[in-house]
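# coordinates only, sequence not included:
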């Protein structure tokens, strides 16, 4: 379930470099739009589990979208799994997003695609591919809020083999016109292989926090959240415990 990440990454980077040098109206004529983000975080947590031994991470990504709904993206971060390598994660993705007019007022966005978690600096093959399907609902209960539901599937979880499913529900909501907002997320992952730190084959992860959009700097936001899992950490080292148990994570993000 691998695809050529080197070729895809080169193609996306080349396209993005060309498009960013063009003016907005030139992009529009091609039906293209470009977006991206850069972030610093106190701990890179993936589905509740640290990817940096609870150390900070610098992250960046971009997406090149077409008016048809097709898009291609690339996202990267430093990582640290406690070994000499890898130190870099670089995730290319391709997908398709479209609104679904289920009723006059019920119009979620369907987003389906494939992503590869790619570690180009690794000596061994850490890469693995995952398919995803998302439904995104806007203005749920409160204007400006968003409800995300998604299902992910891979037959090679974390490159250790075995089928794995991840189910996730997330909700973001603004607190009036204050610039502050809330975020809550819960996920459930199950797999064929018992490869978790506690010897189990499934776990729950969560995230609850607050965020703030800086009004004077468009696209700049800060988030403070409690992130954790229900993985049993008895008998594990303190560093491993810290990366699995609930901890505070601060993230500063700039979108463009």
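Arrived safely, thanks for sending. What you are looking at is a predicted structure, and each value in this text was computed from that prediction instead of being measured. Numbering: from 1, shown residues only.
# So what's the residue count around residue 36?
18 (other C-beta atoms under 10 Å). For the C-beta atoms, the positions are set from N, CA and C on the backbone; glycine is no exception.
# residues contacting the closest residue to it other than its chain neighbours?
Computed as C-beta to C-beta, 6 or more residues apart in numbering, the closest residue to residue 36 that is not its neighbour in sequence is residue 62, at 3.6 Å. Going by C-beta atoms under 8 Å, 6 or more residues apart in numbering, residue 62 touches 16, 34, 35, 36, 37, 73, 74, 75.
# switch to 7 Å and redo it
Contacts here follow C-beta atoms under 7 Å, 6 or more residues apart in numbering; on that basis residue 62 touches 16, 34, 35, 36, 73, 74.
# Doesn't the last one belong to a helix?
The reference is to residue 74. No - looking at residue 74 with DSSP: H, G, I helix; E, B strand; the rest coil, it is strand, so not inside a helix.
# Check the spacing between it and residue 39 real quick.
14 Å (C-beta to C-beta, to the nearest Å).
# ok, these two, which is more surrounded?
residue 74 (21 against 18).
# who does that one bridge with?
Counting by DSSP bridges, residue 74 forms beta bridges with residue 62, residue 92.
# I figured it hits residue 92, correct?
Yes - taking C-beta atoms under 7 Å as the definition, residue 74 is a contact partner of residue 92 at 5.2 Å.
# Mind jotting down where the strands sit in this protein?
32-41, 45-46, 49-50, 57-66, 70-78, 88-99, 109-117, 128-138, 146-154, 164-174, 180-191, 202-213, 220-229, 247-255 (DSSP state E).
# So which bits of the last one are buried?
For strand 247-255, a neighbour-count test (16 or more other C-beta atoms under 10 Å) marks 247, 249, 251, 253, 254 as buried.
# Repeat that for the fifth one.
Taking 16+ other C-beta under 10 Å as the basis for neighbour counts, the residues of strand 70-78 that come out buried are 71, 72, 73, 74, 75, 76, 77, 78.
# same deal with the first one?
Within strand 32-41, the residues that count as buried by 16+ other C-beta under 10 Å are 32, 34, 36, 37, 39, 41.
# Now that strand: average pLDDT?
Here strand 32-41 scores 95 as its mean pLDDT.
# Can you list the helices and strands that it packs against?
If you count contacts as 3 or more C-beta pairs under 7 Å, 6 or more residues apart in numbering; DSSP states H and E, strand 32-41 packs onto helix 5-21, strand 57-66, strand 247-255.
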